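In: following is a predicted model, sequence given first.
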Amino acid sequence: MTIEFSKHPDGLVPAIVQDASTKRVLMLGYMNQEAVNATQEKQQVTFYSRSKKRLWTKGEESGHFLQLVDIALDCDQDTLLIQANPVGPSCHKGDDTCWGEDNTPSYGFLTALEEVIADRKNNPSVKSYVASLFAKGMNKIAQKVGEEAVETVIEAKDENSDLFLNESADLLFHLMILLQAKGHRLDDVVQILEERQKG
């Protein structure tokens, strides 16, 4: 890995730190070659502190280390993307990230949809289909998952991809409602799948 430190006037390259599991961006720091070497040797993310004028291992005072998983170099060879496992909050203000976000997994649109489902559960509206399912109880929600699963299997046996994908969407949607009804989230299922992959 040849890093182009000379592209930056101060000889320091930006190092973006991302949680290896949740994929949330945690913080931004700067590195010189010494910091990169120290990070690789100690397996703890180490920066060059522009204010302290020395190497600085994240967590050396707070104990909130960033355990190194991987370092990747961008296409211009002058910016690093560091995958790490955080031990505690990454921001010096005590937040999970330097942008004030919770360091929770995000599955893009599915996470946004999950939040909508949770809102319909907690703030029911008479116009909401999801709220009406929660009102009917666990048996009705479980029944809907079963119905959508059967319809998905039926469409899988035919050649109409559009119908199959629509039934698959219905199944996933109702499964997400069932997870909420049982007090779980998508991430609980993902964690089980990740553990199985490791086994």
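Out: Arrived safely, thanks for sending. Residues are numbered from 1 along each chain as shown.

In: shouldn't residue 124 be within a strand?
Out: No. Assessed with DSSP: H, G, I helix; E, B strand; the rest coil, residue 124 is coil; it does not lie in a strand.

In: isn't it right up against residue 118?
Out: No. Between residue 124 and residue 118 there is no contact under CB atoms under 8 Å: 11.6 Å. (Each C-beta comes from the backbone N, C-alpha and C, glycine too.)

In: pull out the buried residues from the top helix by length along the chain.
Out: Criterion DSSP state H: the longest helix present in the chain is helix 161-181. By neighbour count on 16 or more other CB atoms under 10 Å, the buried set for helix 161-181 is 164, 167-168, 170-181.

In: any idea how far that helix is from the chain center?
Out: 22 Å (CA atoms, centre = their mean, to the nearest Å).

In: quick check: mean pLDDT across that helix?
Out: Averaged over helix 161-181, pLDDT sits at 98.

In: does anything pack onto it? Which helices or strands?
Out: Counting contacts by 3 or more CB pairs under 8 Å, 6 or more residues apart in numbering; DSSP states H and E, helix 161-181 packs against helix 109-122, helix 129-136, helix 138-156, helix 186-198.

In: and it with helix 129-136, angle?
Out: For helix 161-181 against helix 129-136, the angle by axes from the mean of the first three to the mean of the last three CA atoms, to 10 degrees is 50 degrees.

In: how about residues contacting helix 161-181?
Out: Helix 161-181 is contacted from outside by 110, 113-114, 117-118, 121, 130, 133-134, 138, 141-142, 144-145, 148-149, 151-152, 154-156, 158, 185-186, 188-189, using CB atoms under 8 Å, 6 or more residues apart in numbering.

In: and those residues, which of them are buried?
Out: 114, 117, 121, 130, 133-134, 141, 144-145, 148-149, 151-152, 155, 185-186.
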